[in-house]
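What shape does this take:
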Amino acid sequence: MNEFLTGVENFFANVGALDAIKVTFIMAITSTFISAVLGITLGLLLERHDFLGKKMIIRINRTLMGVPPVVIGLLVYLLLMRRGPLGSLSLLFTIRGMILAQTMIITPIISGMVYAHAARSAPSIRQFAKTMGASKWQTNLLLLKEMKHEIYFAIVTGFGRSISEVGAVMLVGGNIKGSTRTMTTAISLLKSQGIFTEGIVLGIILLVMAFILQWMADYFREEETIDENY
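Residues are numbered from 1 along each chain as shown. I've put the predicted structure just below:
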């Protein structure tokens, strides 16, 4: 038993698994939160207002939803490198720089999904609110309430993209052990070294973490639905 515990301890120490888990959570949660605020706001504003060039912005947003993350990572790297426009901020090879890259990846996904849902349902919701004599503020609250499940799905999708990202965080973070190494970059490193067992273990841990978070989100959503039925 002692040998097993020692082996587990050595494994976590060698690959920096505990630090990788911490970095992964900090990066994923923070970038998803920022992207949710920006994406939901941009998606709703884009649906609400008509202006010159709107169709082009929608096309650009849809393009960014599917852009390879490594391209965003390269762009952020060029911005944050010492001779880059934002080099003075010293964000390269830091968690903050990785959060910036992840935010640029996730925000178009959330805004695009929110816009798509809002374009289908928002006009009828606003019409209903108008017939009930609701104010602008009440109408906006009703819109958010009626779209909460779609917004929830967009946020979960963004979080899933963040927690599974490799290319962008590898470029911007540098995969530094104990500092910017995430679970996915640790798995990539182990694979390149031919250490498959440890990589599989980390992959299972990552899947379990994602499952628990997803289960908790579904649980609270079901609880809310039950309360509404009462």
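
Just list the residues touching the residue lying closest to residue 100 once chain neighbours are set aside, thanks.
Taking C-beta to C-beta, 6 or more residues apart in numbering as the measure, residue 100 lies nearest to residue 76, with 5.9 Å between them; neighbours along the chain are not counted. For the C-beta atoms, the positions are set from N, CA and C on the backbone; glycine is no exception. Under the criterion of C-beta atoms under 8 Å, 6 or more residues apart in numbering, the neighbours of residue 76 are 97, 100, 101, 104, 168, 171, 172.

Helices of the chain, residue ranges please.
Counting by DSSP state H, the chain has helices at residues 2-15, 17-48, 54-65, 69-80, 95-131, 136-146, 148-163, 167-173, 183-192, 196-229.

Residue 215: neighbour count?
Burial measure for residue 215: 10 neighbouring residues, criterion other C-beta atoms under 10 Å.

What separation do you get for it and residue 154?
Here residue 215 is placed at a distance of 19 Å from residue 154 (C-beta to C-beta, to the nearest Å).

same deal with residue 27?
As judged by C-beta to C-beta, residue 27 and residue 154 stand 19 Å apart.

which of the two has more neighbours?
Set side by side, residue 27 and residue 154 show unequal neighbour counts under other C-beta under 10 Å, the larger going to residue 154 at 26 against 23.

Ignoring the adjacent residues along the chain, who's closest to the more buried one?
Using C-beta to C-beta, 6+ apart and skipping the chain neighbours, the partner closest in space to residue 154 is residue 113 (4.0 Å).
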